[in-house]
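J.: Structural data only, the sequence is not supplied:
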């Protein structure tokens, strides 16, 4: 009898524990279906004047320091510097002027290529059964896509109004474009894409400009709301990283 009572009590406890765990809130913003993954974004300091953070992406850590100054005419000047956290190498140094939630000007002092993937690929190489492969960003207004043709060993890449470029599949710059498209698509969904489409079509963001997370926050907050922007900062940070890669790399494809 005691054994039966003990077993029944144990099973009841397990059932209760399972119910509690299911009821616990997940790390998802109430304003968006994008999950909040804090491990990819480490915020060191965030004030109205300074935004200091580390973006962990593709096996690398990039540190961003952004200083915001409000001018007499109400415009904001955001001075952005990014560093390779491991080597302390300065990768980017630029200033962006925002007025009325729109980028009005930008001065670029340095814009180096981001570190290559720091992930070893030790698995076997598979040849796809399909003769073609393709992918494209949900932010349709930017027309960011690629297509691979394994029969001809060539690929095509598109970006904004820059037209279409053709390159061999072995081209490093084409591979960078395709990888970045796959990665940017991996963090996009309808909500995030909607914010960005509204920002680009409304003139807040301009294709070809370097984007920082502070810039995105300043421009998109009126579209998405400040709470949603903060809750989804990690996804916006990854999107801007891959977008900058696509934008700066496209002219080099040949």
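T.: That came in fine, so what should we check first? Keep in mind that this is a model prediction, so the values were computed, not measured. Numbers count the residues shown, from 1 in each chain.

J.: OK, contacts around residue 83?
T.: Residues near residue 83 by C-beta atoms under 8 Å, 6 or more residues apart in numbering: 62-65, 89-91. C-beta here means a position set from N, CA and C on the backbone, and glycine is covered the same way.

J.: From residue 207, how far off is it?
T.: From residue 83 across to residue 207, the span is 26 Å (C-beta to C-beta, to the nearest Å).

J.: any chance of the contacts of residue 83 in CSV, with secondary structure too?
T.: Shown next, in CSV, are those (DSSP: H, G, I helix; E, B strand; the rest coil):
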residue, secondary structure
62, strand
63, strand
64, strand
65, strand
89, coil
90, strand
91, strand
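
J.: Now which of the residues you listed would you call buried?
T.: For these, a neighbour count by 16 or more other C-beta atoms under 10 Å gives the buried set as 62-64, 91.

J.: Give me the phi and psi for the residue nearest to residue 213 when sequence neighbours are not counted.
T.: Spatially, and ignoring its direct neighbours in sequence, residue 213 is nearest to residue 237 (4.9 Å; C-beta to C-beta, 6 or more residues apart in numbering). Note on residue 237: its backbone torsions stand at phi -60, psi -40 [degrees, to the nearest 10].

J.: Just to check, residue 237 is in contact with residue 51?
T.: No - between residue 237 and residue 51 there is no contact under C-beta atoms under 8 Å: 10.9 Å.

J.: Name the residues contacting each of these two.
T.: When contacts are counted by C-beta under 8 Å, 6+ apart, residue 237 and residue 51 have residue 213 as shared neighbours.

J.: Next one: residue 82 relative to residue 51, how far apart?
T.: Distance from residue 82 to residue 51, by C-beta to C-beta: 12 Å.

J.: For those two, work out which one has more neighbours and name it.
T.: Comparing residue 82 with residue 51 by other C-beta atoms under 10 Å, the one with more neighbours is residue 82, at 25 against 22.

J.: Direction included, what does the helix or strand harbouring the more buried one pair against?
T.: Assigned by DSSP states H and E, residue 82 belongs to strand 76-84. Strand 76-84 sits in its sheet next to strand 60-70 (antiparallel), strand 90-99 (antiparallel), going by DSSP bridges.
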